[in-house]
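Chemist: structure for this input, please:
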Amino acid sequence: MWVKTAIHVRGKTEWIIIKTSMHGAEDGTAVSGKEMDEIFNYLEKKYNDGKNYVLHYVTARELYNIIKAIEAGEPGTDPEDYRDYKINPPVYNSLINCPEASEKLKEYIFRTYNY
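Modeler: As a prediction, the model looks like this:
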């Protein structure tokens, strides 16, 4: 249904936007469990053939940048060219032993990257 809905920015109908995860989900298994893995596997098998479809996993910041490039009329044919169009990636130290990080952040980093 996501593909059939064909959410896109005016001017780039061939770049369909599908948001598959969300921040603030209360049930972590809903966004990182078996069901989400099955969704990604399906999308990758059906919509990543390199000819008719090419998947691009992007962050919210990167999607914002891609949309802004489209709105500005940029002529590119590859969304990869616009990941950093307006807003650059954040610069921060994500190491678990970063002294500036709060204990809560260190805990999240540990759980995320399985240090």
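
Chemist: quick one: the closest residue in space to Arg83 that isn't next to it in sequence from Asp27, how far?
Modeler: Nearest non-adjacent residue to Arg83, counting by CB to CB, 6 or more residues apart in numbering: Glu62, 4.3 Å away. For glycine as for every other residue, the C-beta is placed from the backbone atoms N, C-alpha and C. In this view, Glu62 and Asp27 are 25 Å apart by CB to CB, to the nearest Å.

Chemist: so these two - more neighbours on which side?
Modeler: Glu62 (19 against 8; other CB atoms under 10 Å).

Chemist: show the backbone phi and psi for the more buried one.
Modeler: phi -70, psi -40 (degrees, to the nearest 10).

Chemist: surely it meets Asp81?
Modeler: No - between Glu62 and Asp81 there is no contact under CB atoms under 8 Å: 11.3 Å.

Chemist: where along the chain do the helices fall?
Modeler: Assigned by DSSP state H, the helices in the chain fall at 2-5, 28-32, 34-46, 60-71, 103-113.

Chemist: which of those is buried the deepest?
Modeler: Highest mean neighbour count of the helices of the chain: helix 60-71, a mean of 17 (counted as mean count of other CB atoms under 10 Å).
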